[in-house]
Structure formats: C-alpha cells, structure tokens
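Enquirer: build the 3D model from these lines:
(2 chains)
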Amino acid sequence: MKRISVAERANWRTYAEEVGFNFHTFDGEPYWDETAYYQFSLQQIEEDLEAPTEELHQMVMDMVGDITRSEEMLTQLNIPRDYWSYVWNSWNNGEPHLYGRMDLVYDGTGPAKLLELNYDTPTSLFETGFFQWVWLEDQIKNGVLPERADQFNSLQDKIEQAFIELELSTPFYFTSVRDNAEDRGTVSYLMDIAAQAGRNVHYIALEDIGVITDAKGENPQFVDLDDHPIKGLFKLYPWEFIVQEDFGRATLAANTQMVEPAWKMLLSNKGILPLLWARYPDHPNLLPAFFETPGSDPMAAGWVRKPLFSREGANVDLITGTGEKLSAEGPYADGRYIRQAFHALPKFRDELRGGDAYTMLGSWVVGDSAAGICIREDATLITKDSSRFLPHIILD
Amino acid sequence: MKRSKKAALVLTVPVATLLIAGCEKEVQGMVYSNPEECSAGGWNTEQCEAEYAEAKALHPQVAPKYVSKEECEADFGDGKCETAPQQTTSGHSVFMPMMMGYLAGQMMNRGASFQQPGAASAGTNTAATGTKAAAAGASVPTQPLYKSRDDRGTYRTAHNTPVAKGTGPVSLKPSQMQPRAGGLVRRGGFGHQAAMRNSYGG
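Expert: Take a look at the predicted model:
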C-alpha cells in the first residue's frame, strides 16, 4: 500500500460538474483529490480487505436476528420500544437491504480493523462507484497508468444487479433532504443505476413526503405531491432520525417498503461494536469495545469515545497511546456513548502539501458481497466530512 | 478484473419527469363551474343539475383535508377553503378547499338517457373535437373540481390531476379520474432532525 503523487487530469472539475458532481470542493477545500492515489497489491486487496469485509458482514448479519429478540440489546442500542416489533418484522419478513460501507483501519500489513459500520445511509457512493472508476480509465488512456492497472470497485455493477434482482414496488421512490447537494448527488446516482436496471424511479424531497389518513386520522399512507401512494421508498435519511420525527409513527402502519429496511438501524449504530466484540472476542478484525455507563472510568490513554449515533466523525473524543488528546465537535452530544480501543490510522506523507495524511478505508458491501473500496484522508486522526477522497489502483 | 465492466450514467435530466406510457383510450367529459354555465352550453338543464348534484355530494368525501385552514389556504388560496363535515378523532375541525367546478361524465355517454339537442350520438361529438371515439358506455366519473393557489386557470381533481384549462369538453383517461376518498394530508413530518443537526449521510 503506497501513496503516489500524480498529475491531476486537465479539466476534471468541468467534467465533474457536467456529471452532477457539484460537491467536489467543500468550503474552498478539495474534497475529491486526485493529486495522489493509493496503490495496493492484488493480495492486499483480496486477502486483507475483500475477504475480511465479507466475513465481518456475515458476522453482523448473524447477530441481527438475536438482537431483534433481545430486550437487553435493543435497549443498549437505544431503539425506541415502539419500534421493536416493527424492526423484528422487517427482519423476519426478509425485507431486502441494498448496500452499506464499513470503515477500516489498514496500513498495508496485518489484519484490517473495523472502526464502524455505515449500514443505513452511506454516502461517497458516486465518488467511489463512478468518479474514481472514470479517473482510472482516463489515466490509463492518458498513459499515466499502465493498461494492467485495476481497481477494487465493482460497486456500480453490483448495485445495478441488485436493482434488477430485488423485489421492489413500482414505481419506486427515492428521497433525501432537499437542500443537501451531497445527499442529492448520492440519490441521483442510485436513481440513475436503478433506471439503467429498468426500474420506474421517482424523486421526492424528504420534506415533501405527505401522509394521508382517513377522515378519522387512521390508516396512514405515504403519498407524493400528487397524493399518489408511495409503496416503496429508498431513504437517504437515518432511521435514528425517522424514529424521532412526526412521521416516524406513520412508518409503523404505512406498509411502505423502506430501503434500507428498519433492521439496518441495529447495524448503523456504534452499539453494534461492543456487541460484536462480546460475541467474537479477540477476532483479528475487531477492536475491543464496550458500552460507556455512568460508572465507567474516565477515558484512559489508548481509547476512543463515540456517540451511539454520529456521522462523519462528529463528537468523537480520543486519547492516543501516548496520551495525546483529540476531539471533534458535532451535533450528537445528546445520546449515549461507546468506547473503542484506539488504533491509529496509518500516516502517509503528502508531498504536495508538505504535511501528514491519515488514511481511512471504506469497504463497500452490496447485498452480501464486498464491492470495492474508497479512501479518505485527513490531516488529523479523526476522519470528518471535510476529509479528502482519493482514488486507488491495484497494481503488482 | 476487480472493477465494474462499465460505469455509465444515462440520465442527464431528472428522471422524476419520466412518464408512465399508457395506451388507454380517452373518453370525453364536460367541465363547467356551475349548472347554469352547463345549460348555457346547450345541454339539457335537468342533466346539468343532476350531475352537479352528484359532484356536490362527492365533494366532502373526496376533497383533500387539512388540519388547519392556513395549510389548506397555502395550497388553494386565501378564502378558498371551508370547514369539512368531518372531525378528527380528537374533535378538531378539518378543512377542505371549496368546489370550484365539476366534471360531468355522463353527457357524452352513448348509453345516457339525455342527449345534447342536435347531437345524434357521442361519436358525433368526439369527432367534432378531434378525439378518439369513446367505447360505448365508457365514461369518466362525474366529480367535483378544484383550483390550486398557484395555478388559478386550471381545474383539477381532488387528487390534483389537471383536467382542463377552461370550461367545455375535455378528453380524459378514465383510470386517471377515479375519485378516491380524500384523507387528511399532512406534509413536513420528516426532516426536523436533519435541520437540527445539519449532518445526514455518512
């Protein structure tokens, strides 16, 4: 695993905007960054990333059924009691899931360690499945990279196949928060792939979704702006938000097929990390983790504290093995926390900027198959929403 | 190869604009704002009034319902909403838009007992307006029509399907004109957590 500086493609920004990638730069700072790429060997990809990803995925999937039947675990995961039977039903009815991403620490040797699962609303999908794929094709065509260079990235193929095979209602709706360009970009990409798979797709802004009831206020149904029923909905909106909102209760009775399904809220939850560690202690791809309680000792060196629900590194505190403290601000300070053993992200030299780059790997799962990776870099040990996205190649 | 065989985008326009293609035959109906306008159009006064009464009776059942007058007026315009006969389970009032016109579906129906004076058959009428001939007996359901705040010129069904820009004959697909019970519609029940936290995906 190497970090290699490389010339940017001429006019990539123009191209990005043509294909709807409007968030390639974030507050004037690069988000998509092709001033360098990471290079892996095929063995590193297949043995250290692809196989462990599928193994970890199977491990968590094996736990879902048990969690749905355990009051103790549902409570630990902060799932509201009103939703327990809904979650149980979504799992027992085999409601299909589409995709997820697990975040890993990996430095090129030794077992990759699972940092967390983003199994409900993962973004950076377009950047991974499309934009870094095109980058590789372009750089091969430009003669910058050799013809035999490859990439661990079957994301678009696998999502298209999933949209062909999944049982989904027609028409199938997609929703995201109205004013978020990144979420909208992710949803547009999924809709594009679904359309290529022959699906009849509609977009509706999350805020425009209506609930129609009978005159007594019963039998809720989700409807679009023309009051047509929404029978199937891909929502790029976290379940832990849905359960707190006015329309959350309507989902319980509405009979709308939700993707990701409700059982995914058990996995996109940092509480799965201590549960996994308890079930598979000393697994080479897991880090020790436990639930923080009022009686827990103060944070010691070598531990990280994460809210049960937080995104993009928000509200994470860590103390490195040598006692260096680091905290990320965020809006998720209102819930419970877990602690996880600190495992430093590998540090690479960013020659262009003359600084250090800490690197995290995202490993994608579509259905139950590993489907590729993406790389995020930050100047600090906590990967955040502003962390840069870099492409990668496989070359032996 | 560990990467996708292809990665292509096909949609340069929002796919939400894709329409479901249909091959259903269109049939004719008449749009009027009241029975007097219908009679003035040369139709049998008795039938104009019968169909108006039918639409008027459907109105409180199919009209979209709102829990506040403000929400209703936001969609239909100031002073264009009235109290519905229904109440919520907790005893609160429910509001609905006023009926602004009606779609008369039986006038062009071959099987109807009333005929426009001088019109030999429905076929003559449809031919006159250049639309496909209606199958014998096929008709659009008679129902109330509404006008939205931001598009005052268009008559719409209770479920917001545009019907006509003005009064007179229209060609419609019956399947798109089926009246359904108009429940309470509420929007904006999702999104508050995102607004609070300003952070969503991951």
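Enquirer: can you pull up the most central residue in the chain?
Expert: Using chain A. A centroid search over chain A (C-alpha atoms, centre = their mean) returns residue A:122, at 2.8 Å, as the residue closest to the centre.
Enquirer: wrong one, I was asking about chain B
Expert: residue B:157 (1.5 Å).
Enquirer: how near is that residue to residue A:204?
Expert: As defined by C-beta to C-beta, to the nearest Å, residue B:157 lies at a distance of 20 Å from residue A:204. C-beta: built from backbone N, CA, C; applies to glycine.
Enquirer: rewinding a little: hmm, the residue nearest to the centre of chain A is touching residue A:98, no?
Expert: No - contact criterion C-beta atoms under 8 Å: residue A:122 and residue A:98 do not qualify, at 10.0 Å.
Enquirer: need the pLDDT of residue B:71.
Expert: pLDDT, residue B:71: 87.
Enquirer: cool, and residue B:177?
Expert: At residue B:177, the pLDDT recorded in the model is 83.
Enquirer: do you know how far the nearest residue to it once chain neighbours are set aside is from chain A?
Expert: Excluding the flanking residues, the one nearest residue B:177 by C-beta to C-beta, 6 or more residues apart in numbering or on different chains is residue B:140, at 4.6 Å. In this view, residue B:140 and chain A are 18 Å apart by C-beta to the nearest C-beta, to the nearest Å.
Enquirer: picking up where we left off before, report pLDDT for the residue nearest to the centre of chain A.
Expert: At residue A:122, pLDDT is 94.
Enquirer: from chain B, how far off is it?
Expert: From residue A:122 across to chain B, the span is 6 Å (C-beta to the nearest C-beta).
Enquirer: who's in contact with the residue nearest to that residue when sequence neighbours are not counted?
Expert: For residue A:122, ignoring the flanking residues on the chain, the nearest one in space by C-beta to C-beta, 6+ apart is residue A:101 at 4.0 Å. Residues in contact with residue A:101 (C-beta atoms under 8 Å, 6 or more residues apart in numbering or on different chains) are A:117-119, A:122, A:124, A:362-365, A:374.
Enquirer: go on, residue B:184?
Expert: For residue B:184, the contacting residues are A:212-215, A:217, B:65-67, B:88, B:94, by C-beta under 8 Å, 6+ apart.
Enquirer: now do it against residue B:148, distance only.
Expert: 18 Å.
Enquirer: please apply the same query to residue B:81.
Expert: 12 Å.
Enquirer: neighbour-wise, which of these two wins?
Expert: residue B:81 (22 against 17; other C-beta atoms under 10 Å in any protein chain shown).
Enquirer: any figure for the gap between that one and residue B:72?
Expert: 4 Å.
Enquirer: quick check: longest helix of chain B.
Expert: Criterion DSSP state H: the longest helix present in chain B is helix B:45-62.
Enquirer: so which elements touch the next helix-or-strand element following that helix?
Expert: Downstream of helix B:45-62, the first helix or strand assigned by DSSP states H and E is helix B:69-76. The contact analysis (3 or more C-beta pairs under 8 Å, 6 or more residues apart in numbering or on different chains; DSSP states H and E) places helix B:69-76 against strand B:81-87, strand B:93-97, strand B:143-148.
Enquirer: make a markdown table from these and add distance to residue A:306 and mean pLDDT to it.
Expert: Formatted as a markdown table, these follow (distance: least, C-beta to C-beta, whole Å; pLDDT from 0 to 100):
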| stretch | distance to residue A:306 | mean pLDDT |
| --- | --- | --- |
| strand B:81-87 | 48 | 88 |
| strand B:93-97 | 46 | 90 |
| strand B:143-148 | 48 | 95 |
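Enquirer: nearest to residue B:30, out of those strands?
Expert: Among the helices and strands packed on helix B:69-76, the nearest to residue B:30 by C-beta to C-beta is strand B:143-148 (11.2 Å).
Enquirer: please enumerate residues in contact with that closest one?
Expert: With C-beta under 8 Å, 6+ apart, strand B:143-148 has contacts from B:31, B:55-56, B:58-59, B:62-63, B:75-77, B:80, B:97-103, B:105, B:153-158, B:160, B:163, B:177, B:179.
Enquirer: that one vs strand B:93-97, what angle?
Expert: 90 degrees (axes from the mean of the first three to the mean of the last three C-alpha atoms, to 10 degrees).
Enquirer: could you look up the SS state of residue A:290?
Expert: Put simply, residue A:290 is strand when judged by DSSP: H, G, I helix; E, B strand; the rest coil.
Enquirer: that one: neighbouring residues, count only.
Expert: A total of 15 residues lie near residue A:290 under the criterion other C-beta under 10 Å.
Enquirer: that one and residue A:274: what is the separation?
Expert: Relative to residue A:274, and taking C-beta to C-beta, residue A:290 is found at 5 Å.
Enquirer: for residue A:190, same thing?
Expert: 31 Å.
Enquirer: who's more crowded, these two?
Expert: Counting neighbours by other C-beta under 10 Å for residue A:190 and for residue A:274 shows that residue A:190 has the greater number, 23 against 19.
Enquirer: for that one, report the pLDDT, please.
Expert: In this model, residue A:190 carries a pLDDT of 97.
Enquirer: now the one 5 residues further on
Expert: The predicted local distance difference test score for residue A:195 is 91.
Enquirer: against chain B, how distant is it?
Expert: Taken as C-beta to the nearest C-beta, the span from residue A:195 to chain B is 5 Å.
Enquirer: secondary structure class for that residue?
Expert: Strictly by three-state DSSP, residue A:195 counts as helix.
Enquirer: okay, now the unreliable bits of chain A?
Expert: Filtered on pLDDT under 70, chain A yields the residue ranges A:215-216.
Enquirer: pull the residues that contact the top helix by length along it.
Expert: Counting residues, the longest helix found in chain A (DSSP H) is helix A:51-68. Helix A:51-68 has contacts (C-beta under 8 Å, 6+ apart) with A:73-74, A:77, A:84, A:87-88, A:91-92, A:100, A:102, A:104, A:111-112, A:114, A:117, A:119, A:263, A:266-267, A:272, A:275-276, A:279-280, A:283, A:285, A:363, A:365, A:368-370.
Enquirer: thought residue A:366 was touching residue A:98, still the case?
Expert: Yes - using C-beta under 8 Å, residue A:98 is in contact with residue A:366, at 7.1 Å.
Enquirer: give me phi/psi at the one residue in the stretch 1-150 of chain A that gets nearest to chain B?
Expert: Residue nearest to chain B within the stretch 1-150 of chain A (C-beta to the nearest C-beta): residue A:123, separated by 3.5 Å. Main-chain torsions, residue A:123, degrees, to the nearest 10: phi -110, psi -170.
Enquirer: that one: how many residues sit nearby?
Expert: That count, for residue A:123 with other C-beta under 10 Å as the rule, works out to 26.
Enquirer: circling back to that earlier point, what is the subsequent helix or strand relative to whichever helix or strand the residue nearest to residue A:122 is part of?
Expert: Element membership for residue A:101 (DSSP H and E) is strand A:99-105. For strand A:99-105, the succeeding helix or strand toward the C-terminus, using DSSP H and E, is strand A:113-118.
Enquirer: partners of that following strand, with directions?
Expert: Using DSSP bridges, the strands paired with strand A:113-118 are strand A:99-105 (antiparallel).
Enquirer: contacting residues around residue A:388?
Expert: A:30-33, A:376-378.
Enquirer: just the ones of those residues in strands?
Expert: A:30, A:376-378 (DSSP state E).
Enquirer: need the buried ones from these selected in PyMOL.
Expert: In PyMOL syntax, the buried subset of those is picked out as below (16 or more other C-beta atoms under 10 Å in any protein chain shown):
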select buried, chain A and resi 30+376+377+378
